[in-house]
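*Asks:* Could you work out the structure for the sequence below:
(2 chains)
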Protein chains: 2
Amino acid sequence: MRRFTVDDVPTVLWAPQTPTGSLIFIGHGGGEHKTAPAIVRYAERFTAAGFAVASADVPNHGDRPYDPELDRTAGEMLAGDDPASAIAAFQHLVSRQTVGEWRAVLDHLGAERVGFWGVSLGCGLGVPFVAAEPRVRAAVLGLAGGSANAAVAAEITVPVRFVIAEDDERIPRERSLALYDALGSAEKTLHSHPGGHSDPLPDHELDAQVAFFTRHLLTHPQG
Amino acid sequence: MRRFTVDDVPTVLWAPQTPTGSLIFIGHGGGEHKTAPAIVRYAERFTAAGFAVASADVPNHGDRPYDPELDRTAGEMLAGDDPASAIAAFQHLVSRQTVGEWRAVLDHLGAERVGFWGVSLGCGLGVPFVAAEPRVRAAVLGLAGGSANAAVAAEITVPVRFVIAEDDERIPRERSLALYDALGSAEKTLHSHPGGHSDPLPDHELDAQVAFFTRHLLTHPQG
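*Replies:* The predicted structure is shown next:
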């Protein structure tokens, strides 16, 4: 694992066991950071399958300096009576910053064949990133809804695997389905499993995601 | 492939490449039969993974004698203005016959560790079968909705993988989700993919189903 900064953004890179030339960029969840235990678990899975894995701290997370203005904005937005919509709107705001930061990481690493992985906050920030970034060829998204991202989601055309946790206490299923439906991708699949918003993803779901990235980045790298 | 009859029900059995002692029983779809091309495709996948595979013709399908009374009943039920509900109700009626027939096939084969696979008609008939048959330890169901089966679905406790085709022209998504939600299983997962009701299931979905049955019947055979 190598730690470095790209334009002051703390970033981490895991090398694959057997390099394939493909990279998976992971957008971490809210309250997590680039080397949170869940992120390390995903990184171990993906590197074992031949992918380099990178992640970067989101503003106000991990090793980044505290930005009280961002926290205040979040507090104000979340004080309303529709927290699911407020979360999505806030993530959309933060993504104006992170899309550029994450693209700079890909530039820095010289990555050209990229998969994106992000759920919850990682999905909220990931939808605009995947829509904007042609180096991303496939994406795992989910645990997020929100109409704020629907128009941007429609611009996504790469294959998407979308994950829903059935007992998600934050995102009602209809919000998740609305974001999934909004995705412009012809090849999109939805996987739903029991569990709450912050429960670890089941092992078999990670297996299926490894197969998904392998299919789209390694087996059919043009896809 | 071996063909035989069990109490006059035409039945087929495929032997696995490397026997594991587990059997997958396939309930075919409406208008299909026990050796329809789609069924042969599934059987080849499952036998390659070590499962014996059996299927039997449903009344008024395949090699079974024509029953005009059953056709008339179906015609009357489907003439209403809620075809999705009518289909489910009719399948529930037919299942009174097929549950016993399929149990007799398991008896005949001496099967004890069984997976059930059935979508569309195979799901409509499969829900009461899986609920009634303790030898079934895991089930792939889907491409079906219907409140007629909801009470029976609640009695199912084994792991279920439920499949939805997103462009299903017969089963509205909310009907599918209602049947999925009604399942009593603690361990149930939903997989949705693009495609119409009768389109072939994607290869990657079959891969995931092989992994599902392997996990529940072979890796953790007590599950």
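*Asks:* what are the phi and psi angles of A:Leu121?
*Replies:* The phi/psi pair for A:Leu121 (degrees, to the nearest 10) reads phi -50, psi -40.
*Asks:* List, one by one, the residues from chain A near chain B.
*Replies:* Where proximity means C-beta under 8 Å from any C-beta of the partner chain, the interface of chain A facing chain B comprises A:164, A:166, A:173, A:177, A:186-194, A:202, A:204-205, A:207-208, A:211-212, A:215. To be clear about C-beta, it is placed using only N, CA and C from the backbone, and glycine gets the same treatment.
*Asks:* Are any of those buried, and if so which?
*Replies:* In the residues of chain A next to chain B, burial by neighbour count holds for A:164, A:166, A:177, A:187-193, A:202, A:204-205, A:208, A:211-212, A:215, counting by 16 or more other C-beta atoms under 10 Å in any protein chain shown.
*Asks:* returning to that earlier point: among the residues of chain A next to chain B, which are in helices?
*Replies:* Judged by DSSP state H, helices contain the following of the residues of chain A next to chain B: A:Arg173, A:Leu177, A:His204, A:Glu205, A:Asp207, A:Ala208, A:Ala211, A:Phe212.
*Asks:* Now the lowest-mean-pLDDT helix or strand in chain A: buried residues?
*Replies:* In chain A, no helix or strand scores lower on mean pLDDT, DSSP states H and E than helix A:68-78, which sits at a mean of 86. Buried residues in helix A:68-78, counted by 16+ other C-beta under 10 Å: A:Ala74, A:Met77.
*Asks:* now what about that helix, what contacts it?
*Replies:* A:Pro59, A:Asn60, A:Ala86, A:Ile87, A:Ala89, A:Phe90, A:Leu93, A:Val94 (C-beta atoms under 8 Å, 6 or more residues apart in numbering or on different chains).
*Asks:* Try it again at 10 Å.
*Replies:* Contacts to helix A:68-78, defined as C-beta atoms under 10 Å, 6 or more residues apart in numbering or on different chains, come from residues A:30, A:59-60, A:67, A:83, A:85-91, A:93-94, A:97.
*Asks:* So among those residues, where is pLDDT lowest?
*Replies:* Going through the contacts of helix A:68-78 one by one, the lowest pLDDT turns up at A:Pro83, 74.
*Asks:* Identify the residues contacting that residue.
*Replies:* A:Pro83 neighbours (C-beta under 10 Å, 6+ apart): A:Met77, A:Arg170, A:Ile171.
*Asks:* Next up, phi/psi of it, please.
*Replies:* Torsion angles, degrees, to the nearest 10, at A:Pro83: phi -60, psi -40.
*Asks:* from memory A:Val105 sits against A:Leu23, does it?
*Replies:* Yes - judged on C-beta atoms under 10 Å, A:Val105 makes contact with A:Leu23 at a distance of 9.5 Å.
*Asks:* Those two: which is more packed in?
*Replies:* In terms of neighbours (other C-beta atoms under 10 Å in any protein chain shown), A:Leu23 is the more surrounded of A:Val105 and A:Leu23; the figures are 26 against 22.
*Asks:* Let me see the backbone angles for the most far-flung residue of chain A relative to its centre.
*Replies:* With distances taken as C-alpha atoms, centre = their mean, the residue sitting farthest from the centre of chain A turns out to be A:Asp81, at 26.1 Å. Reported as degrees, to the nearest 10, the phi and psi values for A:Asp81 are phi -100, psi 10.
*Asks:* tell me the pLDDT at it?
*Replies:* Reading off the per-residue confidence, A:Asp81 sits at a pLDDT of 80.
*Asks:* May I have stretch A:138-145 as CSV, with CA atoms only?
*Replies:* C-alpha atoms of stretch A:138-145 as CSV (Å, rounded to 0.1, in the frame of the first residue of the first chain):
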residue,chain,number,x,y,z
ALA,A,138,-17.8,0.0,-15.4
ALA,A,139,-19.2,1.0,-12.0
VAL,A,140,-20.6,-0.5,-8.9
LEU,A,141,-23.0,2.0,-7.2
GLY,A,142,-25.8,1.9,-4.7
LEU,A,143,-27.0,2.4,-1.2
ALA,A,144,-28.1,5.8,-2.4
GLY,A,145,-31.1,7.5,-4.0
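*Asks:* Show the average pLDDT along it.
*Replies:* On average, stretch A:138-145 scores 95.
*Asks:* Check the gap between A:Pro59 and chain B for me.
*Replies:* Remark: distance between A:Pro59 and chain B (C-beta to the nearest C-beta, to the nearest Å) = 33 Å.
*Asks:* need the helices for chain A, in chain order.
*Replies:* For chain A, the helices defined by DSSP H cover A:37-48, A:68-78, A:83-109, A:121-132, A:150-153, A:173-182, A:203-213.
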